[in-house]
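Participant: Build me a structure from this.
(chains A, B, C and D)
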Protein chains: 2
Amino acid sequence: MKPVRVKAHGNVTRQANKKLRRERIFNIAKKLIALKGFDEFTISELAEEAGVSTPTIHNLFGKKEDIADELVAELILSLQKVMSFKPISDPIESASYYVTSIISMYKDKENFYRSAYMAADKTGVFEDRESVDSFYKQSIKIAEHCVIPALEQGFLLGNIDKKILTRQLYQCHRIGRQDWVYGYINLDQYHDQVLEAMLMAYATDASPECHQRISDKLKSI
Amino acid sequence: MKPVRVKAHGNVTRQANKKLRRERIFNIAKKLIALKGFDEFTISELAEEAGVSTPTIHNLFGKKEDIADELVAELILSLQKVMSFKPISDPIESASYYVTSIISMYKDKENFYRSAYMAADKTGVFEDRESVDSFYKQSIKIAEHCVIPALEQGFLLGNIDKKILTRQLYQCHRIGRQDWVYGYINLDQYHDQVLEAMLMAYATDASPECHQRISDKLKSI
DNA sequence: TACATTTTTTATTATATATAAAATTTGTCT
DNA sequence: AGACAAATTTTATATATAATAAAAAATGTA
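Facilitator: Residues are numbered from 1 along each chain as shown, chains lettered A, B, ... in the order given. Have a look, this model is predicted:
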């Protein structure tokens, strides 16, 4: 009876190399998806760009849908970091800081974020408003973390329901992000569009002093 | 030499019947697109539902892309009507009237509007902000027609740039519409979401009296 | 009922995703 | 260096969809 060997001798090295190859091809995939859109990009095109055959793509990534799932999972993970940013009470500072942070994050890996958001649109993860740990509810909570100190410090008056205000702050991001993801505006335009919308939302309940500053800030964008 | 007859004897009747058949199948297409999404709906599925073969679909409608183009053309035409609605100076009345009008229009032919907006997303017509007769610029103009009388009547103060205000009023619609078109919210939720967002936009520049009324109205939604 | 024409269908092509099985490559150990 | 076992890639193939050409059927009128 022959001795049974569960793993090949050089399996550790093999896995490491595989990971490198996979990563190289995954980056090409991100580039192609960002360039053409998720549905429009094809496995065979990816294979050709990567210099391999289509079954190799399937071997490394599974179905096309699996690529979307992987992008989304990576995106969710990456967004968890932003989720834990420290609240700033002044609405103008808060909005500026928040938008700038996100932009610089996107700028770093634009292909990844654009392709991942496209994939997310296909799965609908961001649209789920029901489940407790939904991205929607998490985002609303973050917006709330911005509104509460602003109320406490008197930048906001409390005449507009907090819930409505936070909801608006969240919605601001969505439409701008959409426009950027699908290639209608660039990141700089995204910055201005979202900042403008966030400031407008804050302005609805701003103290006279704060309202004046927001108005000035809006003129400078 | 045989006499050349350009048209068949019964061509008028034929064309009329063809139009009826075509319309029947087009309605099924709208239903299917609204139900499954434009990319997900297939020609063969449509053919089966309609009780004809796939080439018949192609014969009647051309390519799949042509179906999208036709939906978009019909949508643009239908929206031209809404474009010419009379401005109301009071922001609350104006927003309520506008949202209600649109909803009732959509409610009538929900399959059509949902499938047409999906098709429009694919073509990107609504994202074009450059050309003079772009839908974007037309929409901005309508929003302006709402803002100007509100300023004149003193409902708005003019502290916030008119351009910014109109832009916000337009953006309000987009995200809510998106959520409805892709099946995440129904028309009643769309109503509340868009009305809330429009009122919030007006509130940023509202006179104290108007701001109070908006605040009350928001509580009642 | 004959017919000219339109309309539909059968047959076929092209392209994309996906998988199974064969062929090749890889990394290690002797 | 060369043998080897497993991993990896490729060739070949299946399935699904969109699209078109040519043949067959249906239609409306005289």
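
Participant: When you work out contacts or count neighbours from here on, use the C-alpha atoms and nothing else.
Facilitator: OK.

Participant: Let me know how buried whichever residue of chain A sits closest to chain B is, in neighbour terms.
Facilitator: Closest approach between chain A and chain B, counting by C-alpha to the nearest C-alpha: A:T204, at 4.3 Å. By the measure other C-alpha atoms under 10 Å in any protein chain shown, the count of residues near A:T204 is 25.

Participant: can you check A:L77 too?
Facilitator: Residues within reach of A:L77, counting by other C-alpha under 10 Å, total 11.

Participant: That one in helix, strand or coil?
Facilitator: Each residue gets one of three states, and A:L77 gets helix by DSSP: H, G, I helix; E, B strand; the rest coil.

Participant: ok so, going back, now the residue of chain A closest to chain B: how far from B:I92?
Facilitator: 15 Å (C-alpha to C-alpha, to the nearest Å).

Participant: likewise A:K162?
Facilitator: A:K162 is 20 Å from B:I92, where distance means C-alpha to C-alpha.

Participant: The two - which one has more neighbours?
Facilitator: A side-by-side neighbour count of A:K162 and B:I92, using other C-alpha under 10 Å, places B:I92 first with 22 against 17.

Participant: Looks like that one contacts B:I214 (just checking).
Facilitator: Yes. Shown here, B:I92 and B:I214 form a contact pair, counting by C-alpha atoms under 8 Å, at 6.7 Å.

Participant: which residues do the two both contact?
Facilitator: Taking C-alpha atoms under 8 Å, 6 or more residues apart in numbering or on different chains as the criterion, B:I92 and B:I214 both touch B:L199.

Participant: hang on, the earlier thing: in this structure the residue of chain A closest to chain B contacts B:T204, no?
Facilitator: Yes. With contacts defined as C-alpha under 8 Å, A:T204 counts as touching B:T204 at a distance of 4.3 Å.

Participant: anything in stretch A:15-33 near DNA strand C?
Facilitator: Yes. Applying C-alpha under 7 Å from any atom of the strand, one finds stretch A:15-33 touching DNA strand C at A:N17.

Participant: check contacts around A:I33.
Facilitator: Counting by C-alpha under 8 Å, 6+ apart, A:I33 touches A:40-41, A:111, A:115.

Participant: hang on, I meant A:A95
Facilitator: A:195, A:198-199.

Participant: what domains does the record give for chain A?
Facilitator: By the record's domain assignment, chain A is partitioned as A:10-62, A:68-220 (automatic domain parsing).

Participant: In CSV: those domains, plus mean pLDDT.
Facilitator: Below are the domains of chain A laid out as CSV (pLDDT from 0 to 100):
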stretch, mean pLDDT
domain A:10-62, 94
domain A:68-220, 94
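
Participant: A:I185 belongs to a helix?
Facilitator: No. Assessed with three-state DSSP, A:I185 is coil; it does not lie in a helix.

Participant: Turn the domains of chain A into CSV, columns for distance to B:K19.
Facilitator: As requested, these are arranged in CSV below (distance: least, C-alpha to C-alpha, whole Å):
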stretch, distance to B:K19
domain A:10-62, 33
domain A:68-220, 35
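
Participant: looking at these, which is buried most?
Facilitator: Mean neighbour counts were compared across those using mean count of other C-alpha atoms under 10 Å in any protein chain shown; the top stretch is domain A:68-220, at a mean of 18.

Participant: could you check whether that domain is close to DNA strand C?
Facilitator: No. Applying C-alpha under 7 Å from any atom of the strand, one finds domain A:68-220 out of contact with DNA strand C, separated by at least 10.4 Å.

Participant: can you give me the end-to-end distance of that domain?
Facilitator: With C-alpha to C-alpha as the measure, the first residue of domain A:68-220 is 39 Å from its last.
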